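Trainee: With the sequence up front, the predicted model follows.
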Amino acid sequence: MRLFLLCISFLFLVSCTKNVDLSFPDVQSEIVVDGRIETGQPPLIFLTRTQSFNAPLNASALAGIFVHDAIVTVSNGTDTIQLQELCAATLEGEELILAAELLGVTPEDLLEIEYCVYTDLTLSMIGEEGVYYFLDIITAEAQVLRAETLIPQSIPLDSLWFEFWAASDSLGFLHAELSDPASTRNAYRWWAQRTNKYSGTQEQKDFGFIAPIGSVFEDSFFDGLTFEFIYNRGSIANSNKLDDTNEEAGFFKLNDTVTVKFAATTLAVENYISISDDQFVSTGSPFAIPTNLPSNVQGGKGLWAGYAPLFFEVICVP
């Protein structure tokens, strides 16, 4: 009898199955700004166009989203400079290496995806603390975009150290202590880079600084307090490196040498990155609530961010 009921149930489920062909309508393409200026660094602007949900996702398609031939200027209220459009295919030698370092990718990745970026290799305008920076963009189609951001005053970590996780004797997280200035709203962002090499090789573990999910936070709950916080190790999206896919994923390892980049930023940047991380984590969830990112770019979408980073080095020993 039980077997009969199971068979009937199976036939009922099969008879109720229907193939559904989902078709997403194309929407108007919009320009997206991904820009930043940091203390001691030139402006760095990615200009791309949004893609249709139905568009292919490969290196060739990614290369096609970059916006070319735009007039991009940055002003600090006194001086104004026009940025150069630099594409990987046109760079050689030291320029290619410099561009890769600015973007936090390897020269090989830079060439594979055919990155294009607007920046200033002449270093005519370098980011300074306490200064507002104004971004103006005119595309080849005469579309106008504007944004402004502040590089706030830097705020240092009090201390930084490594601790093993649970019962592990080789893997752990980085711990830090921060004294937040009282009576001012502050926001922060965290990146880390392992600068030691994989055992028995000449390959450095991380080519650039990597921000983990949840890399930003603000002080609404700890204004003026000294507190301890913990960060895991981030990874590049879709990384196929062995230590990003095995039991070491998310952990720092005993004897790693890590440089932490800890930056003060604005509340607008914190809000944008925080919501962006939430969307990334909830991708595919049927319970996720659709949310538009809070762009600070007029005439388009995206983020023009200011950062005041300080750098700290720690060797991962208990």
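Mentor: Thanks, I have it.
Trainee: Work out which residue lies at the spatial centre of the protein.
Mentor: Ala211 (6.1 Å; Cα atoms, centre = their mean).
Trainee: and that one, what does it touch?
Mentor: Counting by Cβ atoms under 8 Å, 6 or more residues apart in numbering, Ala211 touches Arg189, Trp190, Trp191, Gly234. Glycine gets a C-beta too; all of them are placed from N, C-alpha and C.
Trainee: gap between the third one and Lys301?
Mentor: For Trp191, the distance to Lys301 equals 23 Å [Cβ to Cβ, to the nearest Å].
Trainee: do the first one as well
Mentor: When distance is defined by Cβ to Cβ, Arg189 is 20 Å away from Lys301.
Trainee: Check the last one too.
Mentor: Spatial separation of Gly234 from Lys301 under the definition Cβ to Cβ is 24 Å.
Trainee: the more surrounded of Trp191 and Lys301?
Mentor: Each of Trp191 and Lys301 has its neighbours counted (other Cβ atoms under 10 Å); Trp191 has more, 22 against 17.
Trainee: The more buried one and Phe262, how far apart?
Mentor: The spacing between Trp191 and Phe262, counted by Cβ to Cβ, is 8 Å.
Trainee: Next: Ser183.
Mentor: According to Cβ to Cβ, Ser183 stands 21 Å off from Phe262.
Trainee: Of the two, give the one with the bigger neighbour count.
Mentor: Phe262 (23 against 6).
Trainee: Tell me how far that one lies from Ser75.
Mentor: Applying Cβ to Cβ to Phe262 and Ser75 gives a distance of 28 Å.
Trainee: what pLDDT, on average, does stretch 282-291 get?
Mentor: For stretch 282-291, mean pLDDT rounds to 58.
Trainee: Outline the domain layout of the protein.
Mentor: 31-151, 159-292+307-315 (automatic domain parsing).
Trainee: Lowest mean pLDDT across the ones you listed, which one is that?
Mentor: For those, where the average pLDDT is lowest is domain 31-151, sitting at a mean of 84.
Trainee: By residue count, tell me the biggest strand in this protein.
Mentor: When the chain is parsed with DSSP state E, its longest strand is strand 301-315.
Trainee: Report all helices and strands that it contacts.
Mentor: On a contact count with 3 or more Cβ pairs under 8 Å, 6 or more residues apart in numbering; DSSP states H and E, strand 301-315 meets strand 31-38, strand 131-138, strand 144-151, strand 159-164, strand 257-265, helix 267-281.
Trainee: Next, the angle from the first one to strand 144-151.
Mentor: Between the direction of strand 31-38 and that of strand 144-151, the angle (axes from the mean of the first three to the mean of the last three Cα atoms, to 10 degrees) works out to 30 degrees.
Trainee: Just checking: what are the partner strands of strand 31-38?
Mentor: strand 44-49 (antiparallel), strand 301-315 (parallel) (DSSP bridges).
Trainee: Can you lay out those as a markdown table showing distance to Leu157?
Mentor: Shown next, in a markdown table, are those (distance: least, Cβ to Cβ, whole Å):
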| stretch | distance to Leu157 |
| --- | --- |
| strand 44-49 | 24 |
| strand 301-315 | 6 |
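Trainee: To Tyr118, which of the ones you listed lies closest?
Mentor: strand 44-49 (4.2 Å; Cβ to Cβ).
Trainee: buried residues in that closest one?
Mentor: For strand 44-49, a neighbour-count test (16 or more other Cβ atoms under 10 Å) marks Leu44, Ile45, Phe46, Leu47, Thr48 as buried.
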